[in-house]
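Participant: kindly generate the corresponding structure for this input.
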Amino acid sequence: MIRLKALLIKEFIQMKRDRLTLGMMVAMPIFQLLIFGFAINTDIKHLPTVVFDQSLKQESRELLEAFTASGYFDIDYAAKSYEEVNTRIEKGEAKVGIIIPPDLAENINHGRQASVQVIVDASDSMAASSAISTAQIIGQLKSQELLVKKSQGINGKQIIQPYDIRIRPWYNPDFITAYYMVPGILGVILTMTMVMITSMAIVRERENGTLEQLMVTPLKAHELMLGKIIPYIFVGYAQATLALLVGIVVFDLPMRGSIGLLYALTSIFIVASLTLGVLISNIAKTQMQAMQMSFFVFLPSILLSGFMFPREAMPKLFYYIGNVLPLTYFLQILRGIILKGIGLQFLWIQVLSLLAFIVLTLAISIKRFKKTLA
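Facilitator: Residues are numbered from 1 along each chain as shown. Okay, here's the model as predicted:
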């Protein structure tokens with residue numbers, strides 16, 4: 001018991017000294033609990049919506065008020081043409097498009113059925129399912145409300161639903177789960193491997209005693225950082241190629257956009273993931289710490305990026321945290337090119353965000369490495 005007591009005291013003292021590891025052990029379960037408790041919500045509401053109202057009458061305003069009152073649709077954009085509706089949805093600015101015909105009020109007032117087109121971005125199958133079911137219910141409720149008000153369908157007359165909500169799911173009309181998941185899995189695989197590999201890079205040199213040998217070479221700090229990044233870019237390309245081949249051959253994944261553009265933008269994401277790993281490697285003192293910090297990045301990347309759960313359903317705090325993660329933008333790029341077939345003119349915001357992330361993380365890594373040398 002005396003020997004065991006001495007060993008326990010030694011372990012607790014060592015644990016106390018390793019404050020970073022101890023902090024990670026305490027913070028990680030709290031952070032996981034907060035994410036699972038608050039950020040994950042399968043009841044998707046507040047979907048960004050673009051409206052092209054060609055009627056501009058009381059009847060169309062009442063219908064749109066029903067959409068917003070449901071809490072599932074936020075009318076953020078008022079379009080002036082079909083082309084603007086298409087552009088908003090292709091950019092990802094809107095998940096739903098509502099097109100109201102110019103004769104809506106006339107048809108309703110004369111007892112004819114009025115068709116309203118609802119376009120849904122089905123590349124996100126979970127959000128699309130919620131939008132479709134809610135839009136159909138709103139159409140039924142508004143029709144029943146109007147029928148009761150006008151006392152139609154009585155005395156043997158045939159009941160005609162005033163509102164005909166016509167759903168148009170785009171990009172994945174059959175709601176094939178693989179089309180939604182496979183591009184996301186590709187992004188997750190690249191994140192896990194690229195961050196994990198480079199997070200060990202400088203820490204391994206330090207633990208093996210070879211970092212001092214690199215310090216006496218003519219290498220500058222930024223050259224050392226680039227040397228740790230560039231070789232793994234080719235590894236990332238190999239992983240991306242294999243994942244795409246499996247997705248296309250096995251899961252029949254469509255490739256509606258430019259594969260050359262996809263590879264070009266994938267390289268930017270790979271570099272962003274590698275610079276994040278290098279930053280972790282500069283902060284961590286041991287390989288165990290680097291591994292723990294990598295896992296600390298993986299969980300938010302998977303849960304807050306839109307890989308599994310639509311970001312529209314998340315509280316604002318976790319939504320903004322997701323804006324810091326490279327995977328968030330890469331998923332938009334993947335699904336945009338593969339499923340929507342869009343080009344760089346719709347993805348320049350995501351590209352600039354990734355480039356800004358690369359510059360920031362690389363600059364911090366170089367500065368911290370120079371401070372370590374000093």
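Participant: can you map out the helices along the stretch 151-300 of the chain?
Facilitator: For the stretch 151-300 of the chain, applying DSSP state H, counting those that start in this stretch gives helices covering 177-199, 201-208, 211-215, 221-249, 259-283, 287-304.
Participant: tell me the mean pLDDT for the third one?
Facilitator: Mean per-residue pLDDT for helix 211-215: 68.
Participant: if we can go back for a sec, mean pLDDT lowest for which of the helices of the stretch 151-300 of the chain?
Facilitator: With a mean of 68, helix 211-215 has the lowest mean pLDDT of the helices of the stretch 151-300 of the chain.
Participant: any idea how far stretch 297-305 is from the chain center?
Facilitator: Mean-position distance between stretch 297-305 and its chain equals 9 Å (CA atoms, centre = their mean, to the nearest Å).
Participant: and that stretch, which residues are buried?
Facilitator: Across stretch 297-305, burial judged by 16 or more other CB atoms under 10 Å covers Val297, Phe298, Pro300, Ser301, Ile302, Leu303, Leu304, Ser305. (C-beta placed from N, C-alpha, C; glycine too.)
Participant: please apply the same query to stretch 265-273.
Facilitator: Within stretch 265-273, the residues scored as buried using 16+ other CB under 10 Å are Leu265, Thr266, Ile268, Phe269, Ile270, Val271, Ala272, Ser273.
Participant: turn those into CSV, including distance to Ile202.
Facilitator: Listed next are those as CSV, based on distance: CB to CB, whole Å:
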residue, distance to Ile202
Leu265, 27
Thr266, 25
Ile268, 23
Phe269, 22
Ile270, 19
Val271, 17
Ala272, 18
Ser273, 16
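Participant: between those residues, which sits nearest Ser115?
Facilitator: The closest of the buried residues of stretch 265-273 to Ser115 turns out to be Leu265 (CB to CB; 38.7 Å).
Participant: how much space between that closest one and Met196?
Facilitator: Remark: distance between Leu265 and Met196 (CB to CB, to the nearest Å) = 22 Å.
Participant: so what touches stretch 78-98?
Facilitator: 47-53, 64, 67, 73, 75-77, 99, 116-121, 124, 127-128, 131, 135, 170, 312, 332, 336, 340, 342, 346 (CB atoms under 8 Å, 6 or more residues apart in numbering).
Participant: one more pass at 6 Å, please.
Facilitator: 47-52, 77, 118-121, 127, 131, 332, 340, 342, 346 (CB atoms under 6 Å, 6 or more residues apart in numbering).
Participant: which parts of it are buried?
Facilitator: Residues of stretch 78-98 classed as buried under the neighbour-count rule (16+ other CB under 10 Å) are 79, 84-85, 87-92, 94-98.
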